[in-house]
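Engineer: pasting the sequence and the predicted coordinates here, then a few questions.
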Amino acid sequence: MTLIIGLIILGIILLILEILVLPGFVAGIIGGLMILTSVIWMYQDYGTTAGHITAVSSFLATAIAIWWSLKSKAWNRFGLKDQLDGKVNDVEGLGVSEGDEGRTLSALRPSGTVLIGDKKIEGQTSGDFLDVGSKVVVTKVFPNKVIVKIKVSNLSEN
């Protein structure tokens, strides 16, 4: 009798662990088989009445244990509570347009941070690697980044 009760309790624990912690159905299948085996043994060893009582009480105990474990806050410490507070660049709302000039705040290999006016924006080249502090010109504006190329200085201006 102790073995049967122990298998039912262990089976219930494995089912709860399967639902709340362990992925993959292995613990749940093993737990379900433990409970089913216990009920079958009870029918064989102690008769139909004891088997019925064990089957119903095992089902009720399993349902109550699962309900309680889902309702209780005991599993909250295992859950992830971090929140992402980052944001995506909204270049369209910054007033940046093609032809605007700026400089790189980080190396663009091929993407990095660009300062255009007083706005830090995600910038990308079309494959070139640019060093920090390079002067750039915006060639294309996307919703979340700009495409830039190195500003070619005109020798006649000097």
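Structural biologist: Alright, I've got the coordinates.
Engineer: how close does residue 150 sit to residue 122?
Structural biologist: Distance of residue 150 to residue 122, given as C-beta to C-beta, to the nearest Å: 17 Å. (Glycine included, C-beta is placed from N, CA and C.)
Engineer: residue 61 too?
Structural biologist: Counting by C-beta to C-beta, the gap from residue 61 to residue 122 is 56 Å.
Engineer: one more: residue 93?
Structural biologist: For residue 93, the distance to residue 122 - C-beta to C-beta - is 14 Å.
Engineer: same check on residue 48?
Structural biologist: In this view, residue 48 and residue 122 are 72 Å apart by C-beta to C-beta.
Engineer: ok, these two, which is more surrounded?
Structural biologist: Taking other C-beta atoms under 10 Å, residue 48 and residue 122 do not tie; residue 122 has more neighbours (15 against 9).
Engineer: residues in contact with the more buried one?
Structural biologist: 89, 91, 111-114, 144-146 (C-beta atoms under 8 Å, 6 or more residues apart in numbering).
Engineer: highest neighbour count among those residues?
Structural biologist: Across these, neighbour numbers were computed from other C-beta under 10 Å; residue 114 holds the maximum, 27 neighbours.
Engineer: partner strands of the worst-scoring helix or strand of the chain on mean pLDDT and their direction?
Structural biologist: Every helix and strand of the chain was ranked by mean pLDDT, DSSP states H and E. The lowest is strand 119-124, at a mean of 90. Sheet pairing for strand 119-124, assigned by DSSP bridges, gives strand 111-116 (antiparallel), strand 146-150 (parallel).
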